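Trainee: make a model of this:
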Amino acid sequence: MWSLDMEKEIQAFISQLRLTDTSDNTPKQYEYTLKMFQRFLRTDRNVKDIGKQDIAAFLEYLGRPSQERVHRNAYKRSSIIAVRACLSSFFQYMMETDRVDRNPMPRAGRISRPPRNPVFLTGEEKDRLLAAARTSNEKLILNLLVSTGMRMSELLGVKIKDMDLEHGRIQVKLKRGAVRQYIIVNALVTEDIVGLVNRHIVDQKLHEDDSLINLSRRSLQYLVEHAAKRAKINKKLSPHKLRHTFAVELRRRGLRTVDLQNLLHHKNRDTTAIYEDVDMRETEEELTRLGLIKR
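Mentor: Predicted structure coming up:
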């Protein structure tokens, strides 16, 4: 059995994280990772005794298949990096609160996240997707995702009273009172968003406190996937990839990275910078097509 110390320290860290992180996903994922680390060690020694060798063994364990885990396949490199980030944050918290006097995961020991290549729709694919919407509900959802860049969870949390259609603004209310404001960029779609929303409200007989979209996360995912199939788009599409599409389209039209960062509500500019890399890849492809460079 585990000593109470480790369990208490994990809960204290997660409680602190919930106060400072506006996302629900990060505390949940960190708690899952730390409890998996807790089970892996299988000892009741004090958390102060955890060393670099324990962390190295845990990461090695995640890097190979195991029937003992819920996720039985070997973790991908990106997932290992996320686990390292979790452990690093946990032990940094332990240091800052004087719970331990040494950090088994010093900041210098971190590895950088590899460059990501976001999957997005071309302008022609985006138009085909929107045209493939069969119902007014599908049309509303797809157009809102493409024109605002909202995350799926954010869209599902929007209530009628959160929408300022006159000024094209949508407020997303997070826990602990935080609010994100999204702007409807009408130039990215051909539909009248205001008209779509108003018709949806009337058809569904919605009131101020009602949710705009009454679907589960999985149902919304299916909606996007099926629309992509009807549009004959040969990409594995998700609501988040429509967020990438929104960002890439605005970068193509000349929007500055700092402004795109504000629209997407990224805390770190480096997260938004992946869309600059998209621009460069397309430039290189065009130079190659013209025979100006070899790749």
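Trainee: quick one, strands of the stretch 151-295 of the chain?
Mentor: Counting by DSSP state E, counting those that start in this stretch, the stretch 151-295 of the chain has strands at residues 163-164, 169-173, 179-183.
Trainee: with distance to residue 76 and mean pLDDT as extra columns, can I get the ones you listed in CSV?
Mentor: In short, each C-beta sits where N, CA and C put it, glycine included. Output for these, formatted as CSV (distance: least, Cβ to Cβ, whole Å; pLDDT from 0 to 100):
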stretch, distance to residue 76, mean pLDDT
strand 163-164, 38, 95
strand 169-173, 30, 92
strand 179-183, 29, 93
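Trainee: to residue 277, which of those lies closest?
Mentor: Among the strands of the stretch 151-295 of the chain, the nearest to residue 277 by Cβ to Cβ is strand 179-183 (23.9 Å).
Trainee: any residues touching the closest one, and which ones?
Mentor: Contacting residues not belonging to strand 179-183 are listed as 148-150, 154, 168-174, 263, 265 [Cβ atoms under 8 Å, 6 or more residues apart in numbering].
Trainee: then stretch 206-213?
Mentor: 137, 140-141, 155-163, 197, 200, 204, 220.
Trainee: please redo it, this time with the cut-off set to 10 Å
Mentor: Applying Cβ atoms under 10 Å, 6 or more residues apart in numbering, the contact partners of stretch 206-213 are 137, 140-141, 144, 152, 155-163, 170, 197, 200-201, 204, 214, 219-220, 223.
Trainee: now residue 41. Nearest residue, chain neighbours left out?
Mentor: Once flanking residues are discounted, residue 41 sits nearest to residue 54: 6.2 Å by Cβ to Cβ, 6 or more residues apart in numbering.
Trainee: helix, strand or coil: sort out the one you found for me.
Mentor: Three-state call for residue 54 (DSSP: H, G, I helix; E, B strand; the rest coil): helix.
Trainee: quick check: it vs residue 274, distance?
Mentor: Separation of residue 54 from residue 274 (Cβ to Cβ, to the nearest Å) stands at 33 Å.
Trainee: what about the helices in the chain?
Mentor: 4-20, 25-41, 52-62, 77-96, 123-131, 136-148, 152-157, 193-204, 217-230, 239-252, 257-264, 269-272, 274-289 (DSSP state H).
Trainee: now those in CSV, with distance to residue 102 and mean neighbour count?
Mentor: Output for the helices of the chain, formatted as CSV (distance: least, Cβ to Cβ, whole Å; neighbours: other Cβ atoms under 10 Å):
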stretch, distance to residue 102, mean neighbour count
helix 4-20, 15, 15
helix 25-41, 17, 17
helix 52-62, 10, 15
helix 77-96, 8, 17
helix 123-131, 52, 17
helix 136-148, 46, 22
helix 152-157, 38, 18
helix 193-204, 55, 15
helix 217-230, 41, 16
helix 239-252, 39, 21
helix 257-264, 36, 16
helix 269-272, 29, 14
helix 274-289, 35, 13
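Trainee: can you redo the ones you listed as JSON lines with distance to residue 69 and mean pLDDT?
Mentor: Shown next, in JSON lines, are the helices of the chain (distance: least, Cβ to Cβ, whole Å; pLDDT from 0 to 100):
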{"stretch": "helix 4-20", "distance to residue 69": "18", "mean pLDDT": "82"}
{"stretch": "helix 25-41", "distance to residue 69": "7", "mean pLDDT": "89"}
{"stretch": "helix 52-62", "distance to residue 69": "8", "mean pLDDT": "91"}
{"stretch": "helix 77-96", "distance to residue 69": "12", "mean pLDDT": "87"}
{"stretch": "helix 123-131", "distance to residue 69": "36", "mean pLDDT": "95"}
{"stretch": "helix 136-148", "distance to residue 69": "33", "mean pLDDT": "96"}
{"stretch": "helix 152-157", "distance to residue 69": "26", "mean pLDDT": "93"}
{"stretch": "helix 193-204", "distance to residue 69": "42", "mean pLDDT": "94"}
{"stretch": "helix 217-230", "distance to residue 69": "23", "mean pLDDT": "95"}
{"stretch": "helix 239-252", "distance to residue 69": "25", "mean pLDDT": "94"}
{"stretch": "helix 257-264", "distance to residue 69": "33", "mean pLDDT": "93"}
{"stretch": "helix 269-272", "distance to residue 69": "29", "mean pLDDT": "82"}
{"stretch": "helix 274-289", "distance to residue 69": "30", "mean pLDDT": "75"}
